[in-house]
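**Student:** next comes the sequence, and after it the predicted model I'd like to discuss.
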Number of protein chains: 2
Amino acid sequence: MIKVVILGSGNVASHLIKAMEANTAIDLVQVYARSKKSLENVMDSNKITTSFTTLKEADVYVISVSDKAIEEVSNQIPFTNKLVVHTSGTMDFNVINPKNKRGVFYPLQTFSKNKEINMQEVPFCLETENIEDYNSVGNLAKSLSNSVYNITGEQRKSLHISAVFVSNFVNHLYQIGDALCIENNVPFAILQPLIEETANKIKTLAPVDAQTGPAIRNDEPTIEKHLEALTNPTYKELYRQLTLSIQNVKKL
Amino acid sequence: MIKVVILGSGNVASHLIKAMEANTAIDLVQVYARSKKSLENVMDSNKITTSFTTLKEADVYVISVSDKAIEEVSNQIPFTNKLVVHTSGTMDFNVINPKNKRGVFYPLQTFSKNKEINMQEVPFCLETENIEDYNSVGNLAKSLSNSVYNITGEQRKSLHISAVFVSNFVNHLYQIGDALCIENNVPFAILQPLIEETANKIKTLAPVDAQTGPAIRNDEPTIEKHLEALTNPTYKELYRQLTLSIQNVKKL
């Protein structure tokens, strides 16, 4: 069994805790959180500590806190020469205090508090400072997921930007669609099959080949009608810019 | 059996033809196309006519052509008092020649040539000029799909705009993600689970509650890093605008 300590209690930490608690190959020895309350419905509170001085020994320490807190949390770990990884998409492993062996354990997924996740399908992007530590992090990730990648820091940062486009920004476009439906008294659920088909289509077609709609058809009368109908200036401007951006894509 | 004639040979027409040919409750009597070649791999060419004068009798005529061609095609139908519908999301039924009974038969989905569609899951948005014609159009739609809606012209037009946001624009964001992956030598497939989870999440959470990422967290250091890393000016500007738009959403 791989012995793990998680430091953090946010969305990512909570999902990792649940997945590790349910996993027979992983012994989640302890969790550090600023308050026990934040993990109330996530795990047995006896395993939670709110003090760094009582941190237990483990094979891997997973720091899953906000980017700006990683360094400080890593400073507080009262051990040296342990394997310490963080879960951030953007930060270098060297924000972690160099008294320990360092790495990255980045689950590339959107985690929300009230939405279950199948961790086995979550891609883990791994990086270690020393090549000899890769197996430990790799084994931990492979115990959780079927999708494990050795990814450099540069690649991970670019993946994180792509993830913002294909997930955070995409969700915002769903939110705009929802707002327009509410405004016009139609159920947003009518759009769900379209949303899912759009997401599934790119498994077999490159996105550039999957593009449909008025922009790619250069259907100016429809584009004009849509712009006229959009009363929210932000939505109107986004419509204009996204349309232009679609029309500017040069097919390879 | 409902007798149907389809007029058109584009993406939507092709998918409707395939679904109707496979459907035991529907008799696809004939298809009008400008050339037989356009439907070569879609159907038996004996059922295709390239001349309006040889159009056969049917219960419903489905015009599935570009918006600007609907009126002209409807003028060419050599019958009167027949039920004639179009498949457009944006056009009023009254672009159809009034010599026939008019309506709309709008399948709300993204249709691409090389991607199969399960028509049973496609929402059909229906409208008829005369209430007594609704059942004929409704029965045709219900034979094809489990998801049939009576939708006014105004609602349909707003749904079409929403569809552009949640499908066409979303696909473009996938395309940007793909381009960034190619640029940084990472496989786009790593992002597929994230893309699917983002699409599925909103079945149980409203999009406004499903929002994650640096914009909604007001994580300025990450936003700044991302903007710095984006070299394509269009992507940079879209990143900026979408981030602002997320931050401007007022939670209800």
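**Tutor:** Nice, thanks for sending it over. Computed from a predicted structure; not experimentally measured.
**Student:** quick one: neighbours of residue A:138, just the number.
**Tutor:** 17 (other CB atoms under 10 Å in any protein chain shown). For every residue, glycine as well, the C-beta is placed using N, CA and C.
**Student:** my bad, should have said residue A:19
**Tutor:** Neighbours around residue A:19, by other CB under 10 Å: 20.
**Student:** look up how far residue B:116 lies from the residue positioned nearest the centre of chain A.
**Tutor:** The residue lying closest to the centre of chain A (CA atoms, centre = their mean) is residue A:109, at 3.5 Å. Residue A:109 sits 28 Å away from residue B:116, going by CB to CB, to the nearest Å.
**Student:** quick one, what contacts the residue nearest to the centre of chain A?
**Tutor:** If you count contacts by CB atoms under 8 Å, 6 or more residues apart in numbering or on different chains, residue A:109 has them with A:117, A:122, A:123, B:193, B:194, B:197.
**Student:** what about the fourth one, which helix or strand?
**Tutor:** In other words, residue B:193. For residue B:193, the enclosing helix or strand under DSSP states H and E is helix B:192-201.
**Student:** now do the same end-to-end measure for stretch A:73-81.
**Tutor:** Terminal residues of stretch A:73-81 are spaced 16 Å apart (CA to CA, to the nearest Å).
**Student:** should've said stretch A:228-238
**Tutor:** Terminal residues of stretch A:228-238 are spaced 13 Å apart (CA to CA).
**Student:** what about it, near chain B?
**Tutor:** Yes - judged by CB under 8 Å from any CB of the partner chain, stretch A:228-238 and chain B are in contact via A:229, A:230, A:234, A:235, A:237, A:238.
**Student:** for the stretch 151-252 of chain A, which segments count as helices?
**Tutor:** A:153-163, A:170-184, A:192-201, A:207-210, A:220-229, A:233-248 (DSSP state H, counting those that start in this stretch).
**Student:** just the CA trace of the fourth one, in CSV.
**Tutor:** In other words, helix A:207-210. Provided in CSV are the C-alpha atoms of helix A:207-210 (Å, rounded to 0.1, in the frame of the first residue of the first chain):
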residue,chain,number,x,y,z
PRO,A,207,-12.5,20.3,-34.2
VAL,A,208,-11.6,22.2,-37.3
ASP,A,209,-13.6,19.7,-39.4
ALA,A,210,-16.5,19.5,-36.9
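**Student:** residues making contact with it?
**Tutor:** A:198, A:201-202, A:249, A:251-252, B:110, B:112, B:114-115, B:171-172, B:174-175, B:177-178.
**Student:** how about a cut-off of 7 Å?
**Tutor:** A:201, A:202, A:249, A:251, B:112, B:171, B:174, B:175, B:178 (CB atoms under 7 Å, 6 or more residues apart in numbering or on different chains).
**Student:** the first one and chain B: what is the separation?
**Tutor:** If I follow you right, that is residue A:201. Separation of residue A:201 from chain B (CB to the nearest CB, to the nearest Å): 6 Å.
**Student:** and the third one, by the same measure?
**Tutor:** Using CB to the nearest CB, we find residue A:249 at a distance of 7 Å from chain B.
**Student:** got it, and residue A:93?
**Tutor:** Residue A:93 is 16 Å from chain B, where distance means CB to the nearest CB.
**Student:** walk me through the domains of chain A.
**Tutor:** Chain A is divided into the following domains under automatic domain parsing: A:2-151, A:156-248.
**Student:** please tabulate these in JSON lines, including the columns mean pLDDT.
**Tutor:** What follows is the domains of chain A, written out as JSON lines (pLDDT from 0 to 100):
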{"stretch": "domain A:2-151", "mean pLDDT": "96"}
{"stretch": "domain A:156-248", "mean pLDDT": "96"}
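**Student:** in TSV: those, plus distance to residue B:221.
**Tutor:** Shown next, in TSV, are the domains of chain A (distance: least, CB to CB, whole Å):
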stretch	distance to residue B:221
domain A:2-151	7
domain A:156-248	13
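**Student:** nearest to residue B:18, out of those?
**Tutor:** Comparison of those against residue B:18 by CB to CB identifies domain A:156-248 as nearest, at 15.7 Å.
**Student:** end-to-end on that closest one?
**Tutor:** 27 Å.
**Student:** so which residues of chain A form strands?
**Tutor:** Assigned by DSSP state E, the strands in chain A fall at A:2-7, A:26-32, A:48-49, A:60-63, A:83-86, A:101-107, A:124-128, A:148-150.
**Student:** now these as CSV including distance to chain B?
**Tutor:** Listed next are those as CSV, based on distance: least, CB to the nearest CB, whole Å:
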stretch, distance to chain B
strand A:2-7, 19
strand A:26-32, 21
strand A:48-49, 24
strand A:60-63, 17
strand A:83-86, 14
strand A:101-107, 10
strand A:124-128, 7
strand A:148-150, 6
